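Peer 1: Quick one, what's the 3D model for this:
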Amino acid sequence: MATIISNFAQLTMQVFNTPQKVIITCNKRLSPALQQEVQSLGFTIKRAFATGVELLADVNDCITLNLNLQCASQILYSIKSFEAHNPDELYRQIKDIAWEDILDFNGYFSVNSNVNNETISTPLFANLKVKDAIVDRIKEKKGVRPNSGPELNKAVIHLYWQGNEASIYLDTSGETLAKHGYRKHPGKAPMLEALAAGVVMATDWDKSSTFINPMCGSGTLAIEAALIATNRKPGLYRMNYAFMHILGYDELVFFAARRKLKDQIVKNVDLKIIASDISADAIKIAQMNAKTAGVDQLISFEVCDFEKTSVPHTAGVIVFNPEYGERLGVHTQLELTYKRMGDFMKKDCQGYNGYVFTGNPDLAKKIGLRASKKIEFYNGKLDCRLLCYELYDGTRRKEKADD
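Peer 2: Modelled structure (predicted):
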């Protein structure tokens, strides 16, 4: 396989039509949702792991994946895999690749990496060796030195180097896919869009019953719910990807894929999404974000304490993302808030499925309800849980007791 890839690297790089190994990365514990998304697009997953999936695809396929995936971070197209024991070997292997057939010699590229090699004290040095190899190769072949730097808004090369095994990829995404592009006003401590999408998917919400998000902050959970229910994909909100800056890019393929996104939007949905927050400023920010996403008409925003949030007498889900407080040492005010959340769900949300996303297990105990499930997530580096509560009404509680 290494020989095949090496030979491939010597040929004119028809990357847009040549299937190779593709790695799609995601935040830790979003892999199950990512797998579901990839398979729904008709791709076959060869390998799944904690922070992503592997499949066989060409760069035109990567265009489709970039535009559609809600839980992904980066989509990496493999160019070459090889052994490298030190920076000099890394340089030689990378310089051997026909970069003049991949990158515009008058263009711009950047390098990022995931490196763990005993000869490297900082990934920045590995990045520099990759950059030097690419620049030197193109200068020899074309007589011009391409520009490079840290910005991810043009072509992006990714190095994965663990031990003595190295792989070089085209990062077809550039800026992370985990940000979906509509949130121009992030607000205070916002949940990353990809994580919010994963949380909504984990609730098993049917996309038609009521969705309630008290303490909504900048509105990310409610907006992601509306996007999922109407089949609006992240590619609708973004017009620049790294694949656009690779030689051979055909913008007709991109615009055809983007037109398909518009055609598949579900319109005229009978849907009730309610988002509330005690802060009028937070609600204003959430409304602006929802308008940018094109779903402001689908969400009812309320300025109120969470206990005053409207709860229609129907089935549905209610999702809280409260403050977590410090990991060690519980704050009395937050203890009371978590207790009030439990009382509110028990008293006013009967017939719903309740969910609380938290990174503080001590505070979670103050909710006072028994979780039927505890789904693991990470919010950044913080170990979190989505706690699930079945909030039976009187009839359902009696039926359960009779079973």
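
Peer 1: Just the CA atoms of stretch 133-140, as PDB, please.
Peer 2: The C-alpha atoms that make up stretch 133-140 are tabulated as PDB, following Å, rounded to 0.1, in the frame of the first residue of the first chain:
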ATOM      1  CA  ALA A 133       9.800  20.900   1.800                       C
ATOM      2  CA  ILE A 134       6.700  22.100  -0.100                       C
ATOM      3  CA  VAL A 135       8.200  25.500  -0.900                       C
ATOM      4  CA  ASP A 136      11.500  24.100  -2.000                       C
ATOM      5  CA  ARG A 137       9.800  21.500  -4.200                       C
ATOM      6  CA  ILE A 138       7.700  24.100  -5.900                       C
ATOM      7  CA  LYS A 139      10.600  26.600  -6.300                       C
ATOM      8  CA  GLU A 140      12.600  23.800  -8.000                       C
END
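
Peer 1: In that stretch, which residues are buried?
Peer 2: 133-135, 137-138 (16 or more other Cβ atoms under 10 Å). In this view, the C-beta of every residue, glycine as well, is placed from N, C-alpha and C.

Peer 1: pLDDT averaged over that stretch - what is it?
Peer 2: Per-region confidence: stretch 133-140 scores 97 on mean pLDDT.

Peer 1: Would you convert the buried residues of stretch 133-140 into a markdown table that also reports distance to residue 65?
Peer 2: Listed next are the buried residues of stretch 133-140 as a markdown table, based on distance: Cβ to Cβ, whole Å:
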| residue | distance to residue 65 |
| --- | --- |
| 133 | 28 |
| 134 | 25 |
| 135 | 29 |
| 137 | 28 |
| 138 | 28 |
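
Peer 1: Turn these into a markdown table, including secondary structure.
Peer 2: As requested, the buried residues of stretch 133-140 are exported to a markdown table (DSSP: H, G, I helix; E, B strand; the rest coil):
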| residue | secondary structure |
| --- | --- |
| 133 | helix |
| 134 | helix |
| 135 | helix |
| 137 | helix |
| 138 | helix |
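
Peer 1: Can you tell me which of those lies closest to residue 287?
Peer 2: Residue 287 has its nearest neighbour among those in residue 134, at 45.4 Å by Cβ to Cβ.

Peer 1: I figured that closest one was touching residue 103, is that so?
Peer 2: Yes - contact between residue 134 and residue 103 holds when scored by Cβ atoms under 8 Å: they sit 7.1 Å apart.

Peer 1: Mutual contacts of those two, please.
Peer 2: Listed as contacting both residue 134 and residue 103 by Cβ atoms under 8 Å, 6 or more residues apart in numbering are 109, 146.

Peer 1: And residue 383, how far from residue 359?
Peer 2: 7 Å (Cβ to Cβ, to the nearest Å).

Peer 1: more crowded one of these two?
Peer 2: residue 359 (19 against 13; other Cβ atoms under 10 Å).

Peer 1: Quick one: the helices in the stretch 151-300 of the chain, in order.
Peer 2: 193-202, 220-229, 251-263, 280-293 (DSSP state H, counting those that start in this stretch).

Peer 1: Of the ones you listed, which is nearest residue 65?
Peer 2: With respect to residue 65, and counting by Cβ to Cβ, the nearest of the helices of the stretch 151-300 of the chain is helix 251-263 at 9.8 Å.

Peer 1: Report all helices and strands that the closest one contacts.
Peer 2: Taking 3 or more Cβ pairs under 8 Å, 6 or more residues apart in numbering; DSSP states H and E as the contact definition, the neighbouring helices and strands of helix 251-263 are helix 59-68.

Peer 1: Figure out which of the helices of the stretch 151-300 of the chain is closest to residue 341.
Peer 2: helix 220-229 (15.0 Å).

Peer 1: Which residues outside that closest one are in contact with it?
Peer 2: Outside helix 220-229, the residues within contact range by Cβ under 8 Å, 6+ apart are 70, 180, 182-183, 190-193, 196-197, 199-201, 205, 207-208, 211, 213, 216, 232-233, 266, 269, 271, 273-275, 286, 289-290, 293, 295, 298-299, 319, 321.

Peer 1: Buried among the residues you listed? Make that a PyMOL selection.
Peer 2: Restricted to buried positions by 16+ other Cβ under 10 Å, the PyMOL selection for the contacts of helix 220-229 reads:
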select buried, resi 70+180+182+183+190+191+192+193+196+197+199+200+201+205+211+213+216+232+233+271+273+274+275+286+289+290+293+295+298+299+319+321
